[in-house]
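> Okay, structure incoming, though there's no sequence with it:
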């Protein structure tokens, strides 16, 4: 599936607003006339988008080739189901994924057509070269305590980065790309916020490297807005998707 997260409280069901998970469960319940529950491949924050997202649910009845069309006719326009297919027992949307890729978009010139899907940063000039150097330094690490919001339930601080870079894709438009076996709470948005601080030369590469080496808090930390973040790929070995 894919979704525009602008008007949702995130993927996961919450009491204080509409979620993507809740919208799909409600649509499935309406379609199959009995309560349905789904499990997603990750918990995107409020306002985060997904170009490529997977969820699974257990269902013993018939699922014909018109279900995708019927679901899309019920769901809000901001959520699009691309395909429904059967997998083996034990295959899990969350735990069977071996890698995930996010893109974060940043633009530095006012643009009404990008503002919902990219971080519109107009306030200061950015040293893009320093930001790019910092992305390459990130590949040296597997522990990311300074760059995450520690989850009280799952106190994990490590992940394996496969790819990390910052590229100019158009005039005044940049895309941060990062791929890993998993991502931790607020990790990509905190990385991007910190890259902006480095680009403003409020945080030096030396400070960045020292804090990451010692796994201690940065003197300054930034959290980039949710709207620039897009989940663009989830890889499952049993699907061989790319």
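Happy to help now that I have it. All values reported here derive from a predicted model rather than from experimental measurement. Numbers count the residues shown, from 1 in each chain.

> average pLDDT across stretch 23-40?
Mean pLDDT, stretch 23-40: 95.

> can you pull the buried residues of it?
Across stretch 23-40, burial judged by 16 or more other C-beta atoms under 10 Å covers 23, 24, 25, 27, 28, 36, 38, 40. (C-beta placed from N, C-alpha, C; glycine too.)

> ok, now stretch 221-229?
Neighbour-count burial for stretch 221-229 [16+ other C-beta under 10 Å]: 222, 224, 225, 226, 227, 228, 229.

> Break down the chain into its helices, ranges please.
With DSSP state H as the definition, the chain shows helices at residue ranges 20-32, 67-74, 128-138, 187-199, 205-214.

> Now pLDDT and distance to residue 84 too, for the buried residues of stretch 221-229, in CSV please.
Below are those laid out as CSV (pLDDT from 0 to 100; distance: C-beta to C-beta, whole Å):
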residue, pLDDT, distance to residue 84
222, 90, 39
224, 97, 33
225, 97, 32
226, 97, 28
227, 97, 28
228, 98, 30
229, 98, 26
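
> which residues does residue 93 contact?
Counting by C-beta atoms under 8 Å, 6 or more residues apart in numbering, residue 93 touches 39, 40, 41, 54, 55, 56.

> Out of the residues you listed, which is nearest to residue 137?
residue 41 (28.2 Å; C-beta to C-beta).

> Let me know whether the closest one touches residue 97 as I believe.
Yes: the pair residue 41 / residue 97 is scored as a contact, 5.5 Å apart, by C-beta atoms under 8 Å.

> okay, those two: which has more neighbours?
Shown here are residue 41 and residue 97; by other C-beta atoms under 10 Å, residue 41 has more neighbours (22 against 19).

> can you tell me the average pLDDT over stretch 122-137?
96.

> Identify all contacting residues around that stretch.
So stretch 122-137 is contacted by 108-110, 164-166, 168, 174, 176, 194-196, 198-201, 205, 208-209, 212 (C-beta under 8 Å, 6+ apart).

> ok, and for that stretch, which residues are buried?
126, 128, 130, 131, 132, 134, 135.

> separation between the last one and residue 129?
Distance check for residue 135 against residue 129: by C-beta to C-beta, to the nearest Å, it reads 11 Å.

> domains for the protein, by residue range?
The chain breaks down into these domains under automatic domain parsing: 2-80, 99-235.

> What's the local residue count around the closest residue to residue 82 other than its chain neighbours?
Distance criterion C-beta to C-beta, 6 or more residues apart in numbering; nearest residue to residue 82, sequence neighbours excluded, is residue 1 at 5.9 Å. Residue 1: 21 surrounding residues under other C-beta under 10 Å.

> so how far is residue 101 from residue 1?
The value you get for residue 1 to residue 101, if C-beta to C-beta is used, is 16 Å.

> what sits against the residue nearest to residue 100 when sequence neighbours are not counted?
Sequence neighbours aside, residue 234 is the residue nearest to residue 100 in space, at 5.3 Å (criterion: C-beta to C-beta, 6+ apart). Applying C-beta under 8 Å, 6+ apart to residue 234 gives the contacts 41, 42, 52, 53, 54, 97, 99, 100, 101, 241.

> Kindly report the same for residue 145.
Contact analysis of residue 145 by C-beta under 8 Å, 6+ apart lists 157, 215.

> For residue 99, grab the count of nearby residues.
Neighbour count of residue 99, defined by other C-beta under 10 Å: 16.

> Sorry, slip of the keys, the one I care about is residue 70.
Residue 70: 14 neighbours (other C-beta under 10 Å).

> now residue 60
Residue 60: 4 surrounding residues under other C-beta under 10 Å.

> Need phi/psi at it.
Dihedral pair for residue 60: phi -100, psi -10, per degrees, to the nearest 10.

> show me what contacts the closest residue to residue 218 other than its chain neighbours?
Excluding its sequence neighbours, the residue lying closest to residue 218 (C-beta to C-beta, 6+ apart) is residue 211, at 5.1 Å. Residues in contact with residue 211 (C-beta under 8 Å, 6+ apart) are 146, 217, 218.
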